[in-house]
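**Q** this one's sequence-less:
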């Protein structure tokens, strides 16, 4: 797909207005929700999680309402019978960091520790049991993922990882990190690969959000018991790359 910013045929006024309204509403509601999460700090984790997930669902709805950007999901049948799993997902935009919390069962996310330093929002995020790592210390980061990820899986939380490590532009591919696959090897929990093309409509580093339909494809279960992390990772990477060719508009 050619860059939306240079080929968008619709009304530029509506594009900019919708994107501006979405930005304002996300900023405002995120602040209110962060305060609400703090008010629930002495309550159970499940209550704070429900508040955060409700906000993610609200953002998904606002994205459709203001920007005309919806989504469709294929493969939900692959996750119906799972108590917990490790997700290896394509990462193209900020959209999936919110939408996967709306789409998938209760979860934790592997993320940069620096995100927790943001006033209010990061502090609220810190109460939601993230697996926050220092990427500069890879050995400690892997150890934390394996220890905390296994504990979360045992507690029924899915572990969502983005093995490319950072957002990639549509059509761009990066080698998969092995952390999620190593967690699968250690814990014995299955892996679920996910492909999506959110970057074609919600580009990284862009203020504008373009109308359309984001495609999310959930892959079949990749078993991990008795398998090496390298083999698990390679199977997930191969599936995601093939699925991206199928769903991408480029």
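**A** Structure received. Computed from a prediction, not measured in an experiment: that's the story for all the values here.
**Q** what about the lengthiest helix in the chain, distance to the chain center?
**A** Identified as the longest helix of the chain according to DSSP state H is helix 12-39. Centroid separation for helix 12-39 versus its chain: 19 Å, with Cα atoms, centre = their mean, to the nearest Å.
**Q** Packing partners of that helix?
**A** The criterion is 3 or more Cβ pairs under 8 Å, 6 or more residues apart in numbering; DSSP states H and E, and the helices and strands that helix 12-39 contacts are helix 45-67, helix 121-126. Heads up, the C-betas are built off the backbone N, CA and C, glycines and all.
**Q** could those go into a markdown table alongside distance to residue 37 and mean pLDDT?
**A** Output for these, formatted as a markdown table (distance: least, Cβ to Cβ, whole Å; pLDDT from 0 to 100):
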| stretch | distance to residue 37 | mean pLDDT |
| --- | --- | --- |
| helix 45-67 | 5 | 97 |
| helix 121-126 | 4 | 95 |
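**Q** TSV for those helices, including mean neighbour count and distance to residue 201?
**A** Below are the helices and strands packed on helix 12-39 laid out as TSV (neighbours: other Cβ atoms under 10 Å; distance: least, Cβ to Cβ, whole Å):
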stretch	mean neighbour count	distance to residue 201
helix 45-67	17	8
helix 121-126	18	23
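**Q** Would you mind saying which of the ones you listed lies nearest residue 215?
**A** Using Cβ to Cβ as the measure, helix 45-67 is the one of the helices and strands packed on helix 12-39 that comes nearest residue 215, at 14.6 Å.
**Q** Now do the closest one: which elements does it pack against?
**A** Packed next to helix 45-67, using 3+ Cβ pairs under 8 Å, 6+ apart, are helix 12-39, strand 69-74, helix 95-103.
**Q** which residue sits closest to the residue nearest the centre of the chain in space, ignoring its chain neighbours?
**A** Centroid-nearest residue in the chain: residue 97, 3.1 Å away (criterion: Cα atoms, centre = their mean). With Cβ to Cβ, 6 or more residues apart in numbering as the criterion, residue 97 has its nearest non-adjacent residue at 7.2 Å, and that residue is residue 109.
**Q** A helix includes that neighbour, no?
**A** No: using DSSP: H, G, I helix; E, B strand; the rest coil, the assignment for residue 109 is strand, not a helix.
**Q** thought it was touching residue 130?
**A** Yes: judged on Cβ atoms under 8 Å, residue 109 makes contact with residue 130 at a distance of 5.6 Å.
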